[in-house]
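> What follows is a predicted protein model with its sequence.
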Amino acid sequence: MAEGNHTKERPEQSVRAAFIVSPARSGSTLLRVLLDTHPDIVSPPELNLSALLQHMADSWDNTNVALGLAEPRENPMLSRTPTEDVAHRARKPLDEMMRTCAEAAGASLYVDKSLTTVEHLPTIAACYPEAPLIFLYRYPLDFIASGLEASRWGFNAFGFVPYVAANPGNFIAALGGYWIDRVSQMLEFERTFEGSSARIYYELLCDQPRDTLKNLFDFLGVDADESVVERAFESEHGRGPGDYKIAFTGGISLDSVGRGATLPEHLGKEQIERMNALLAELDYPELEAARRGQLASLLGLQNARDSAQEGREIARAMADLLERDGRGAPSPAQRAALPMELVVARAARGEPGRVLIDADGRATALEQTVDGETSGRPQIRCIGDILLRVAGGEVTFGKAVHDGEIRVERETLSDTGAPAHRLLSTLAALIRVSA
């Protein structure tokens, strides 16, 4: 530069950093969009900065080893907690990206949302010891239901691949393994982390978004902004990886809370025990309670709708439906599948309801459970009032079977009884005639 043309360098803007720590399909995109709406916060789509930070830390660590400035790692394939020098060098490219995004948005706080953050918590804490961590959790059954919905055409996203590859015959158990691993990592780190952290529940975020955000803004050291919820879905939040459905979302609701109650019970015994232990630590209800339905009510959410019927009440309505006038005698094919028993499972309150369809096709609600009474009768499990909704045209019988809301309990089938598909086709026929 020519003498006399020196210009004073502009000091770099100081940008604080915070990190969202969350498994996939747990509301992290919703949370980052809400935070990004605040005028003092910028939270872009997933840039995978945590993975970049880990790569930079490993590369600088390897450089120091090569220069004789550090001892080799016992296992070169495993990372180790960065030293102060490595941490300082590793975070430089991240600081530049964070600063660039913050300056463009006029923000003072950068909140990173990357699904890889769970895997690199020790490195993040070493490189950004002053950065607050926001731990976001979601109930496992709802997480699995959301993961399955988002993976209809393949499991090549969200970090699901190794879990599905290890258990290709049971996607529910595969995603259950992912949830257990991620949440275990998060809780293990939370127990010993001495920095600034907050715990957020997806269900509370949906039920009380303003109160949740007010507390979160205070935690992050920015002014409260009560208009964030209204403005979040009308503002631009950058293009990039994340939950694609956020672009078509117009508000926050509890519709997705409890959706996992209809999942088939395909989790293994060890998985259930491990999940329940983690749920207890998170103050969530155990799996069996949530499977009965009304998770929102179990969590005490303010806006939960307790509209579910008792199992026996549903069973009586099902029996009335099947006994409507105009129904003729069962066909020979149908009669071969009778008698059968319908079990109303996972009703929110009371005992499971039961309906007996006898050999003549007559339906009776069974008011009491007697040991051994169902011996020799095949059972079809119906989740809540699904059969009534099928009859009302809200959902097709085939979709209800596909989603596991109507299914044959195979352990109740005898060697000489009708096969499962015959039982289902007979029930479908009886509903069509009665509806």
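Great, that's in hand.

> contacting residues around stretch 202-218?
Stretch 202-218 is touched from outside by 26-27, 30-31, 34-35, 38, 134, 136-139, 142, 198, 200, 223-226, 228-229, 252-254, 256-257, 295-296, 299, 301-304, with contacts defined as Cβ atoms under 8 Å, 6 or more residues apart in numbering. Heads up, the C-betas are built off the backbone N, CA and C, glycines and all.

> Return the distance of that stretch from the chain's centre.
How far stretch 202-218 lies from its chain's middle: 18 Å, per Cα atoms, centre = their mean, to the nearest Å.

> next one: stretch 124-143
Computed by Cα atoms, centre = their mean, the separation of stretch 124-143 from the middle of its chain amounts to 15 Å.

> got the CA coordinates for it in PDB?
As requested, the backbone C-alpha atoms of stretch 124-143 are provided in PDB (Å, rounded to 0.1, in the frame of the first residue of the first chain):
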ATOM      1  CA  ILE A 124     -18.000 -27.100  21.300                       C
ATOM      2  CA  ALA A 125     -17.700 -26.600  25.000                       C
ATOM      3  CA  ALA A 126     -13.900 -26.400  24.800                       C
ATOM      4  CA  CYS A 127     -13.900 -24.000  21.800                       C
ATOM      5  CA  TYR A 128     -16.900 -21.900  22.900                       C
ATOM      6  CA  PRO A 129     -16.800 -22.100  26.700                       C
ATOM      7  CA  GLU A 130     -18.900 -18.900  27.000                       C
ATOM      8  CA  ALA A 131     -21.600 -20.000  24.600                       C
ATOM      9  CA  PRO A 132     -25.000 -21.000  26.100                       C
ATOM     10  CA  LEU A 133     -26.300 -24.400  25.100                       C
ATOM     11  CA  ILE A 134     -30.100 -25.000  24.500                       C
ATOM     12  CA  PHE A 135     -31.000 -28.700  25.000                       C
ATOM     13  CA  LEU A 136     -34.200 -29.500  23.100                       C
ATOM     14  CA  TYR A 137     -36.100 -32.800  23.700                       C
ATOM     15  CA  ARG A 138     -39.200 -34.500  22.300                       C
ATOM     16  CA  TYR A 139     -41.200 -37.500  23.400                       C
ATOM     17  CA  PRO A 140     -39.700 -40.600  21.600                       C
ATOM     18  CA  LEU A 141     -42.900 -42.100  20.200                       C
ATOM     19  CA  ASP A 142     -43.700 -38.800  18.500                       C
ATOM     20  CA  PHE A 143     -40.100 -38.500  17.300                       C
END
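
> can you give me the mean pLDDT across that stretch?
Computed over stretch 124-143, the mean pLDDT rounds to 98.

> can you pull the buried residues of it?
Residues 124-128, 131-143 are the ones in stretch 124-143 that count as buried (16 or more other Cβ atoms under 10 Å).

> tell me the phi and psi of D283?
As for D283, its main-chain torsions (degrees, to the nearest 10) stand at phi 60, psi 30.

> Next, count neighbours for it.
Look at D283: counted by other Cβ atoms under 10 Å, it has 10 neighbours.

> Can you check the pLDDT for it?
Turning to D283, the model gives it a pLDDT of 97.

> Could you do L254 as well?
Among the per-residue scores, L254 holds a pLDDT of 86.

> Tell me the secondary structure of it, please.
In the three-state summary, L254 is assigned as coil, counting by DSSP: H, G, I helix; E, B strand; the rest coil.

> Check the one 10 residues further on too.
Each residue gets one of three states, and P264 gets coil by three-state DSSP.

> burial of the residue nearest to it when sequence neighbours are not counted, as a residue count?
By the measure of Cβ to Cβ, 6 or more residues apart in numbering, the closest residue to P264 outside its immediate chain neighbours is G404, 4.0 Å from it. G404 is flanked by 15 other residues according to other Cβ under 10 Å.
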